[in-house]
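1. sequence plus the predicted model coming up.
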Amino acid sequence: MDSVLVPDHDLTPDPPADLEIAVVRLDPDLPLPSYAHPGDAGADLHTTVDVTLAPGERAMVPTGISIALPDGYVALVHPRSGLAARHGLSIVNTPGTVDAGYRGEIKVLLINHDPVEAVTLARGDRIAQLVVQRFERAMFREVGVLPDSSRGAGGYGSTGTGSRS
Ligand SMILES: O=c1ccn([C@H]2C[C@H](O)[C@@H](COP(=O)(O)OP(=O)(O)OP(=O)(O)O)O2)c(=O)[nH]1
Ligand SMILES: [Mg+2]
């Protein structure tokens, strides 16, 4: 091994942001999206409304913010693992895709997967997290035959589940 990359996210209390994103607060009483810890990938989003989801129920929940991403960036709306573990709460379309040109309010399509318990969220609760990423814009060039690969058409469990070592 040539080198070991040493993480510095715990050593730098407040690392500089890599990217500035314009945000409009449609609900000025609620905070901007924010990272819970230095080095976190996801900035938490808040609900502007009280909401209760019965078992199996889903709802489109407003976050009170709209953003303008620079070209070449996307924001992905991911579930929070604590809510998933405790309540079975997830996102129907996880991860939701917020396109760079979208200027509307970011909304979260929550779903309660718990078979028995309802889940209640209060205005201001952190319900999801936004991960901002660069992406590549592809040019889909049609060809007659694809290049060979080791995997080929194998998928959907073709390698099994046991240890492969
Ligand atoms: O979880 C999400 C997913 C999407 N959006 C917003 C931003 C996104 O840019 C827009 C459209 O999303 P998407 O492309 O996933 O939906 P669609 O069903 O393809 O709608 P459209 O035809 O408007 O693209 O909706 C959200 O606020 N939250
Ligand atoms: Mg779309």
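-> Structure's in. What do you need? Ligands and ions are numbered 1, 2, ... in the order given.
2. any regions of the chain where pLDDT drops low?
-> Scanning the chain for pLDDT under 70 picks out the ranges 1-2, 6-14, 165.
3. where does it get nearest to ligand 1, which residue?
-> Closest contact between the chain and ligand 1, by CB to the nearest ligand atom, is at Gly96 (2.0 Å). In this view, the C-beta of every residue, glycine as well, is placed from N, C-alpha and C.
4. element containing Val108, please.
-> strand 107-112 (DSSP states H and E).
5. and the strands in the chain?
-> Along the chain, counting by DSSP state E, strands occupy 22-25, 34-35, 42-46, 51-53, 58-62, 65-68, 73-78, 89-91, 96-98, 107-112, 119-121, 126-134.
6. with mean neighbour count added, can I get the ones you listed in JSON lines?
-> Shown next, in JSON lines, are the strands of the chain (neighbours: other CB atoms under 10 Å):
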{"stretch": "strand 22-25", "mean neighbour count": "12"}
{"stretch": "strand 34-35", "mean neighbour count": "14"}
{"stretch": "strand 42-46", "mean neighbour count": "21"}
{"stretch": "strand 51-53", "mean neighbour count": "18"}
{"stretch": "strand 58-62", "mean neighbour count": "17"}
{"stretch": "strand 65-68", "mean neighbour count": "17"}
{"stretch": "strand 73-78", "mean neighbour count": "19"}
{"stretch": "strand 89-91", "mean neighbour count": "21"}
{"stretch": "strand 96-98", "mean neighbour count": "16"}
{"stretch": "strand 107-112", "mean neighbour count": "20"}
{"stretch": "strand 119-121", "mean neighbour count": "17"}
{"stretch": "strand 126-134", "mean neighbour count": "19"}
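7. cheers, nothing more for now.
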